[in-house]
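Undergrad: What would the 3D arrangement of this be:
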Amino acid sequence: MKALNKFGGFAAFYLAAAYLIGISLFLIVLDYPSITDPAQKVALLVEKQMVIFGTNLLMYVFFGIFLVVLSLALYERLKSGMTALVQVATVIGIIWAGSLVASGMVSNAGIAPVVALHANDPAQAALLWQGIEAVSSGLGNGNGEILGGVWMLLVSWAALKTGGLPKGLNFLGLLVGVVGLASLLLTDLTGLFGIGQMLCFVWLGIVLLRTSEKG
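TA: From the prediction side, this is the model:
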């Protein structure tokens, strides 16, 4: 239990850091949201393919792996009071983690062939990247944070019922979960969900590491 708390705490801190660094790369270094033309997206991909590759690893592949660790640590912490609810939350957390890993791997696997094709046929490369990006976005919850939102709601609800986490953290988690589900209809809320979840991860990391030290 002590070791799993420690690993879960470090995982939570990684997830928060990945959000912060990844969002900074995505918004500032790449300025990706402002680029809507497929040809411009491929031109950016060709110019900064290693940055994009690394960002996908950080925000999707490694994020998913550490999310599994955190999900298992929370299951171990909360299972005694609300077993069925925590089991469902853990399964959803692992499904979410798998979808994120798949999203990052699909996107990264498509970089090399698109860059190679761009040298001879930029228009066809843009079309190919559109298809890859659509698949990657779907796997990465680009149409709304339903998996992340449901996971936050279930974990926070279970923790509120069992007293396994601080009440303030639980209420914040419930609010973030609602924002995640609302992003299905209001896509502008995705950024707010990310910021809220980043705060939850920092708080979780502190709680889990303190518990491991006391244990």
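
Undergrad: So, low pLDDT: which residues of this protein?
TA: For the chain, the stretches with pLDDT under 70 are 1, 212-215.

Undergrad: show me where it has helices.
TA: Under the criterion DSSP state H, helices of the chain are mapped to 2-24, 38-47, 49-56, 62-78, 83-118, 122-139, 146-162, 167-182, 190-214.

Undergrad: Thought Gly104 was touching Ser137, still the case?
TA: No: between Ser137 and Gly104 there is no contact under C-beta atoms under 8 Å: 11.5 Å. From N, CA and C alone the C-beta is placed, and that goes for glycine too.

Undergrad: which one of the two has more residues nearby?
TA: Using other C-beta atoms under 10 Å as the criterion, Ser137 and Gly104 rank with Gly104 on top: 24 against 14.

Undergrad: Identify the residues contacting the more buried one.
TA: By C-beta atoms under 8 Å, 6 or more residues apart in numbering, the residues touching Gly104 are Asn56, Leu57, Met59, Tyr60, Val61, Phe63, Gly64, Ser136, Gly140.

Undergrad: Also Gly196?
TA: Leu172, Leu175, Val176, Val179.

Undergrad: could you measure the third one against Val86, distance?
TA: Same thing as Val176. 18 Å (C-beta to C-beta, to the nearest Å).

Undergrad: With Ala109 instead?
TA: In terms of C-beta to C-beta, Ala109 sits 34 Å off from Val86.

Undergrad: Of those two, give the one with the bigger neighbour count.
TA: Neighbours were counted for Ala109 and for Val86 using other C-beta under 10 Å; Val86 has more, 26 against 12.

Undergrad: correct me, but the more buried one touches Ala158?
TA: Yes: if you go by C-beta under 8 Å, Val86 and Ala158 touch, sitting 4.9 Å apart.

Undergrad: Next, show the common contact partners of these two.
TA: Counting by C-beta under 8 Å, 6+ apart, the contacts common to Val86 and Ala158 are Leu78.

Undergrad: Next, give phi and psi for the residue sitting furthest away from the middle of the chain.
TA: Distance to the chain centre peaks in the chain at Asn120, reaching 35.0 Å (criterion: C-alpha atoms, centre = their mean). Per-residue torsions, Asn120: phi -110, psi -30 (degrees, to the nearest 10).

Undergrad: Distance-wise, check it relative to Ser103.
TA: With C-beta to C-beta as the criterion, Asn120 and Ser103 are 28 Å apart.
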